[in-house]
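Participant: A predicted structure for the sequence below; I have some questions about it.
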Amino acid sequence: MSCIEGKVILITGASSGFGMVTAKQCVEHGAKVVLGARREDRLSDLCNELGNENAIFKATDVTNKQQVNDLANFGIDTFGKIDSLVNNAGIMPLSFIEQGRTDEWDSMIDVNIKGVLYAIDAVYNHMIERGNGQIINISSVAGKRLIPGSAVYSGTKFAVGAISEGLRIESAGKLQVTCIFPGAFETELGTTIKDTSMLEYLASEAKYVNLAQPAERIAEAILYALKQKPGVAANEIVLRPTAQDF
Ligand code: NDP
């Protein structure tokens, strides 16, 4: 039997990219999934594809604490529990500090840090009361080192790494905590970059071009973490394309 079979897995940011592919792989392995993101039409199509007995969704903006709590409660009411949280929703509007795109900085802090915290808070007591649970946070290799234009994005992803480690320490013996640090993979994340000078810089540097590998590779890493038996956790996973030198 798969260690994932029968688990109830809450995934934020499930309307595209890693979250969507992870939802598909989880259901293929016999799990139930509870999906959140803002694009309701995408989530509805995905749940129809996966079977509405296996996959449920709620339109959720992770910057809204109440909506994140509602998503978790919806999962618990429907399936009776949440075993695992894949804390994945994120945005990456890279820009140079001199451009002063402070609204985008605010959004990154709200989605990538506060959203991650709200989702942890929404499931933490439920998991502690049940005596077990898994929390898998998605950081980035930008949460380990910087490139020009990644100051704020990296700041949020370093924060995800720190939050994961703090969570691991405080929930020792109870929760399985994982932080995944992906390199460049094929998703819609790049479309969140709006700063023209940043886009021109990325296009002008050969090392950033044609680098990304399929999102399925990260979903497989998430499943590796989800498959760990109680008592053990894969605490950190760094997964890069071999061609990526940063
Ligand atoms: P996508 O853009 O394909 O997916 C991002 C997901 O986050 C979407 O489902 C989007 O849904 C959701 N999201 C964004 N803002 C919000 C919000 N306010 N509330 C709820 N959901 C939101 O990119 P990825 O799959 O690549 O991104 C997933 C995670 O992986 C992110 O945390 C990203 O930082 C991280 N990552 C990605 C890398 C890559 O190379 N792709 C590398 C390193 C890290 P919607 O718009 O419908 O709300």
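Facilitator: The structure has been received and is ready for your questions.
Participant: close to the ligand, is the longest helix along the chain?
Facilitator: Scanning the chain for the longest helix, with DSSP state H as the assignment, gives helix 151-170. No: Helix 151-170 stays clear of the ligand (Cβ under 6 Å from any ligand atom), getting no nearer than 6.8 Å. All C-beta spots, glycine's among them, are computed from the backbone N, C-alpha and C.
Participant: buried stuff in that helix?
Facilitator: 152-161, 163-164, 167-168 (16 or more other Cβ atoms under 10 Å).
Participant: what do you get for stretch 236-246?
Facilitator: 236-237, 239-241, 246.
Participant: That one and the ligand in contact?
Facilitator: No: using Cβ under 6 Å from any ligand atom, no contact is recorded between stretch 236-246 and the ligand, whose separation bottoms out at 9.2 Å.
Participant: what mean pLDDT would you report for that stretch?
Facilitator: The average of the pLDDT scores along stretch 236-246 is 97.
Participant: ends of that stretch, how far apart?
Facilitator: 18 Å (Cα to Cα, to the nearest Å).
Participant: do stretch 233-242 as well
Facilitator: End residues of stretch 233-242 are separated by 25 Å (Cα to Cα).
Participant: which outside residues touch that stretch?
Facilitator: Stretch 233-242 is touched from outside by 134, 141, 144, 164, 168, 175-185, 211-213, 217-218, 221, 224-225, 228, with contacts defined as Cβ atoms under 8 Å, 6 or more residues apart in numbering.
Participant: wait, residue 190 sits on residue 91?
Facilitator: No: taking contacts as Cβ atoms under 8 Å, residue 190 lies outside contact range of residue 91: 10.8 Å.
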